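**Q** okay, predicted coordinates and the sequence, questions at the end:
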Amino acid sequence: MTLEDLGWNGFFAERFAAYEGKGWQPARLIRDNKITYGALLGDGTELEVVMGGKVYHDAETDAELPAVGDWVALEVGGDGREHVIRARLPRQTCLSRKMPGRSTQEQVIAANTDVVVVVTDAGTDFNVRRMERYFAIIGRSRARAVVLVNKADLFSEEQSRGAAESIRALNPEAEVLVTSLRRKASLAGLKAHLTRGVSLTFVGSSGVGKSSVINHLLGGDYQWTDEVNENTGKGRHTTTARELMVLRKGGIIIDNPGIREVHMWTDETTLRERFADIDELARHCKFDNCQHGPRAAGCAIQTALAEGRMDARRLEGFLKLDEEIAKLRAAREKRQMTVERHARREQQSKSRRYAARRDADLEDEY
C-alpha cells in the first residue's frame, strides 16, 4: 500500500510541505472512535491516534475538527507514547449537512470524497424532494454524484426505470444506475468508479441495501446486515459509525449510518445552481422581492405554472429549501451575535478587573 492508494495527491502534498521538517507523517483518518481515531499510514499500518490540543483549540466549530476521510499530520509515538494528530490538512472536498435537531452546526459526513453514492429504491424510500436535497449538499461538496435505484428485483422494471428517469430529470449530470445484488452485472457501472486512490462515500436511508452493496464490493461479509421488512421498508441499519475502507483491488469506500433526514447545509449560490430553471424565471418577476406565492403580482414563476411550463412539486421543493436555508442563515447570524456579545462582555470584565488591580497597586505604592 502507498499514500496514493489512500487518495494522496499533489493537493495534499503541497499542503503537507510545511510539516515535513518536523518529522511528522501524513495519515488518513479511517474511523472516529469519539475519543480516539483510527488512522492509516502510507505503508498500510493502522494506528489508534489522539487529537493534539492545538488542533482542538484552533477549530472554531466542530466541523473544523478532524473527521473520517481527513488527511492529517501525525506525530508517531514510540516506547508507549501516544500517536498525536498535530494538524489537519485542508479538505479538497467536504460532504456535510446540518446537524439533526435544533442545532445550527455543520456535521461533516465525509471529508475528501471524490464520488457520493446515494442508495435508494423504487419503493417506500423513493422521494424526489429528498433527492433534491441530496443533490444540493453534494453540489456544495464538489464531489460527483452517483445514484443507485437498488433492489430492482423487488419492483417491476417499469417502476425502477420510472424512478431512475425522475432522478435524472432532477440532475442530468448525475449518473443513475438501476441495480440489484441478484443481478450483479447491474453493479458494473458502480465498480468502474473503484480505481486507485478514488474515494466513494455511500449514503442513504436504512433498509435500501447499502450495506449489502458495500459487502459485495468488499468481496465478503465485512459488515453484518439485518433483515428489513419488505412491505414497510423498515428495519435496523447495521452501520453504526462512519468508516473508511481501502479495497485491495483499488478504490476507497466510506460508509455512513442510515440517514433519516437530509438536513440542509448549503448556501443560496448552490441552491440557485441546482434550480437554475426556477432562478432564471424569477429574474423576470415584476418585483425584486417577489415571494413567488399564488397571489404574488407579476410573478413569472406563477405564470409559468399556469401555462404548464413549471412543475408545481419542483417549485414547492425549491421554496421549502429556500426557506430552510434562510432560517439556517438567520440562526447562524443570531448565534454569531450571541458569541460576539459574550466575547465583548468577557473583554469588558477583564478590563475592569485589570483596572481594579492597577488602582490597587497604585494605592499600595502610596
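**A** Looks like it came in fine. The model shown is predicted, which means the values in this text are computed figures rather than measured ones.
**Q** from here on, contacts and neighbour counts on C-alpha atoms
**A** OK.
**Q** how far away is Leu218 from Thr179?
**A** Computed with C-alpha to C-alpha, to the nearest Å, the distance linking Leu218 and Thr179 is 17 Å.
**Q** likewise for Thr303?
**A** 39 Å.
**Q** can I assume Leu247 is in contact with Leu218?
**A** Yes - here Leu247 reaches Leu218: they are 6.6 Å apart, a contact under C-alpha atoms under 8 Å.
**Q** show me the shaky parts of the protein.
**A** By pLDDT under 70, the low-scoring segments of the chain are 98-105, 220-241, 258-274, 321-343, 355, 358-366.
**Q** leaving out the residues flanking it, which one is nearest to Lys210?
**A** Nearest residue to Lys210 in three dimensions, chain neighbours excluded: Val119, at 6.1 Å (C-alpha to C-alpha, 6 or more residues apart in numbering).
**Q** that older thread, so between Leu218 and Thr179, which is more surrounded?
**A** Thr179 (26 against 18; other C-alpha atoms under 10 Å).
**Q** for that one, what are its contacts?
**A** Contacts of Thr179 were listed using C-alpha atoms under 8 Å, 6 or more residues apart in numbering, and they are 148-152, 186-187.
**Q** and these, which is closest to Glu64?
**A** Set against Glu64, the nearest of these by C-alpha to C-alpha is Leu148 (30.3 Å).
**Q** partners of whichever strand or helix holds the closest one, with directions?
**A** Using DSSP states H and E, Leu148 maps to strand 144-150. Here strand 144-150 is paired, per DSSP bridges, with strand 115-121 (parallel), strand 175-178 (parallel).
**Q** any idea where the helices of the stretch 251-366 of the chain begin and end?
**A** 268-274, 276-282, 300-306, 312-365 (DSSP state H, counting those that start in this stretch).
**Q** about what we covered before: who touches the next helix or strand after the strand holding Leu148?
**A** Beyond strand 144-150 on the C-terminal side, the first helix or strand identified by DSSP H and E is helix 157-170. For helix 157-170, contacts defined as C-alpha under 8 Å, 6+ apart pick out 121-122, 126, 128, 131-132, 149, 152, 174-178.
**Q** tabulate those residues in JSON lines, adding columns for distance to Phe275.
**A** Putting the contacts of helix 157-170 into JSON lines (distance: C-alpha to C-alpha, whole Å) gives the following:
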{"residue": "Asp121", "distance to Phe275": "24"}
{"residue": "Ala122", "distance to Phe275": "24"}
{"residue": "Phe126", "distance to Phe275": "20"}
{"residue": "Val128", "distance to Phe275": "14"}
{"residue": "Met131", "distance to Phe275": "13"}
{"residue": "Glu132", "distance to Phe275": "9"}
{"residue": "Val149", "distance to Phe275": "22"}
{"residue": "Ala152", "distance to Phe275": "29"}
{"residue": "Ala174", "distance to Phe275": "15"}
{"residue": "Glu175", "distance to Phe275": "18"}
{"residue": "Val176", "distance to Phe275": "19"}
{"residue": "Leu177", "distance to Phe275": "23"}
{"residue": "Val178", "distance to Phe275": "25"}
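**Q** nearest to Arg15 among those?
**A** Out of these, the member with the shortest distance to Arg15 (by C-alpha to C-alpha) is Ala174, at 30.4 Å.
**Q** who's in contact with the nearest residue to the closest one once chain neighbours are set aside?
**A** Distances taken as C-alpha to C-alpha, 6+ apart place Ala145 nearest to Ala174, at 5.1 Å, with adjacent residues excluded. In this structure, Ala145 makes contact with 115-118, 135, 138, 173-175, judged by C-alpha under 8 Å, 6+ apart.
**Q** of those residues, closest to Val76?
**A** Of all the contacts of Ala145, Val76 sits closest to Val115, with 30.4 Å by C-alpha to C-alpha.
**Q** from Ala143, how far out is that closest one?
**A** According to C-alpha to C-alpha, Val115 and Ala143 sit 5 Å apart.
**Q** cool, Gly53 as well?
**A** As judged by C-alpha to C-alpha, Gly53 and Ala143 stand 31 Å apart.
**Q** which one's more surrounded, the two?
**A** Neighbours were counted for Gly53 and for Ala143 using other C-alpha under 10 Å; Ala143 has more, 21 against 11.
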